[in-house]
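In: Output the structure for:
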Amino acid sequence: MKSKVVPIHVVILAAGKGTRMNSEIPKVLHKLGGKPLLEHVVNAASTLADSHLHIVVGHGASDVRVHFNDLNELNWIIQEPQLGTGHAVEQAIPAIEAITKIQDEATLLVLCGDVPLIKQQTIEALTQAASPNAVALLTLQTNNPAGLGRIIRDEQNKVTAIVEEKDASEEQRKICEINSGIMALPVNRLKHWLGKLGKNNRQGEYYLTDVIAMAVADGCEIVTRVINDEFEVQGVNDKKQLASLERHFQRIEVEKLMAAGVSVIDPARVDIRGDITCGKDVTLDINVILEGTVIIGDGVVIGPNVVIKDAVIKSNSTVLANTVIDSAEIESNCSIGPFARIRPGTRLDKEVKVGNFVEIKNSVLGQGSKANHFAYIGDADIGSGVNIGAGTIFCNYDGAHKHRSIIGNNVFIGSNSTLVAPVNINNGAFVAAGSTINSDVPENELAVGRGKQRNISGWKRPTKQ
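Out: Just a heads-up that it's a prediction; the model follows:
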């Protein structure tokens, strides 16, 4: 017989202003590992089976919603004014009732939008521990409980209440088991408890934690899942805490890469800000930043101070120091940099070489082509075996529209040339150094587009008077 599937309503509390962040940006939109804090929590909650996500927003609500516009499964709830965590959860009850009848069996999981490192396994275990007659609490044993709510237990070690630090006695403040703010409760009993909440406390707010004592009074079991990883339930209240979590997060992500076979020269000086896939025997030098979706093949070497965003770099390619690659595809055995900039829409075929101070945008370079130094290539289709000389400029913009240049196979572009698009330079053609080319060049012909040199005899250098 199959066990009954219990609907899970996830309520993520994200209404706070975050005064200590000293920022105009809503707290839950501050980034950790390149993603907003709230996005980490949403991603973890989205893994739960048969779940409905409700996000309670208040300060900066419109900005928060805009960031998640593409996630239609999110139900947004406004808390205005913000009167505490109990009040926030209460605002979600009508939306929950619209999906699940309050008398039906369902679990409400409370998560915090500023606790980004909560693990999928942790919240799954918590929801499984909850039942119609049991509340599941996630607690933390810590040597530094300052500022956090304490878990109160009786002589039988059973939880009887949660006391916020501002309302705790001196004896209670010595307790080292603290409330994480994350709990799973039976929906059909929670509504009754929320209706009984008061705000007779120093904050003058409706504390969700007060429902624990009510649950005990109603004979409800309080089940705890105690963890020791402080970072997993660390909330972000200021920039110092955000920076501390960032370093911890980066260490976790870098260790994942090293476990997959990546050699990281200094794990403390690599930043992962997205979804990164690496093959074997990849090397990452210091100060590498990987953003968005990045796929790196076997044997790729990434030099120091390189930024790679939303790109594919295939096997045995080398990216030298201080290079920026954005939204591009690099085939195998390429060499890029140092100080190169590969912009969106660029595709480099196998064995392409791009040297120092070369910028490429929205262009294709065929197999074995090279631009070794000091060039701008924009909106171009370049064949195989092409040489782009130093100082070459592709003039792709006429002030109103972009135009493409078509360069055939085995073309040689001499140094300091200017190619005025739209222009076709056909297979085997040769462009003399210093030329401005604004008309097509037939196959295997030499194009010279420069002023005629004159040597003037008897000329005297000017002298100062």
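In: Just list what the helix or strand that contains residue 66 packs against, helices and strands only.
Out: Using DSSP states H and E, residue 66 sits in helix 61-67. When contacts are defined as 3 or more C-beta pairs under 8 Å, 6 or more residues apart in numbering; DSSP states H and E, helix 61-67 sits against helix 37-45, strand 51-57, strand 74-78. Backbone N, C-alpha and C define where each C-beta goes, glycine included.
In: Now it: buried residues?
Out: Judged by neighbour count (16 or more other C-beta atoms under 10 Å), helix 61-67 contains these buried residues: 61, 64.
In: Please enumerate the strands of the stretch 151-300 of the chain.
Out: 159-163, 177-186, 221-227, 263-264, 270-278, 283-284, 288-296 (DSSP state E, counting those that start in this stretch).
In: Determine how far the helix holding residue 66 lies from the middle of the whole chain.
Out: 17 Å (C-alpha atoms, centre = their mean, to the nearest Å).
In: And stretch 347-358, by the same measure?
Out: 28 Å.
In: List of residues touching that stretch?
Out: 328-342, 360, 363-377, 384 (C-beta atoms under 8 Å, 6 or more residues apart in numbering).
In: try 6 Å this time
Out: The contact list for stretch 347-358 (C-beta atoms under 6 Å, 6 or more residues apart in numbering) reads 329-336, 338-340, 364-375.
In: and if you look at stretch 394-410?
Out: Here stretch 394-410 has contacts from 377-386, 419-428, using C-beta under 6 Å, 6+ apart.
In: Report the buried members of those residues.
Out: 377-380, 382-386, 419-428.
In: Among the contacts of stretch 347-358, which are located in strands?
Out: Among these, the members falling in strands (DSSP state E) are 329, 330, 335, 336, 364, 365, 370, 371, 372, 373, 374, 375.
In: Please enumerate the helices of the stretch 151-300 of the chain.
Out: For the stretch 151-300 of the chain, the helices defined by DSSP state H, counting those that start in this stretch cover 187-195, 210-217, 239-259.
In: buried stuff in the shortest one?
Out: Residues 210, 211, 212, 213, 214, 215, 216 are the ones in helix 210-217 that count as buried (16+ other C-beta under 10 Å).
In: got these as CSV, with pLDDT and distance to residue 121 columns?
Out: Converted to CSV, those look like this (pLDDT from 0 to 100; distance: C-beta to C-beta, whole Å):
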residue, pLDDT, distance to residue 121
210, 92, 29
211, 94, 25
212, 93, 24
213, 92, 29
214, 94, 29
215, 94, 25
216, 94, 27
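In: and which of the residues you listed is nearest to residue 257?
Out: residue 212 (41.1 Å; C-beta to C-beta).
In: gap between that closest one and residue 65?
Out: 31 Å (C-beta to C-beta, to the nearest Å).
In: Tell me the helix or strand right after the helix or strand encompassing residue 91.
Out: Residue 91 is located in helix 85-99, with elements delineated by DSSP H and E. Downstream of helix 85-99, the next assigned helix or strand under DSSP H and E is strand 107-112.
In: okay, and for the stretch 351-465 of the chain, where does confidence drop off?
Out: Applying pLDDT under 70 to the stretch 351-465 of the chain flags no residue at all.
In: swap the cut-off to 90 and go again
Out: 451-456, 459-465 (pLDDT under 90).
In: hang on, isn't residue 344 packed against residue 324?
Out: No - counting by C-beta atoms under 6 Å, residue 344 stays clear of residue 324, with 11.3 Å between them.
In: Just want to know which of those two has more residues nearby.
Out: Ranked by neighbour count (other C-beta atoms under 10 Å), residue 344 and residue 324 place residue 324 first, with 20 against 13.
In: Surely the more buried one touches residue 307?
Out: Yes - using C-beta under 6 Å, residue 324 is in contact with residue 307, at 4.8 Å.
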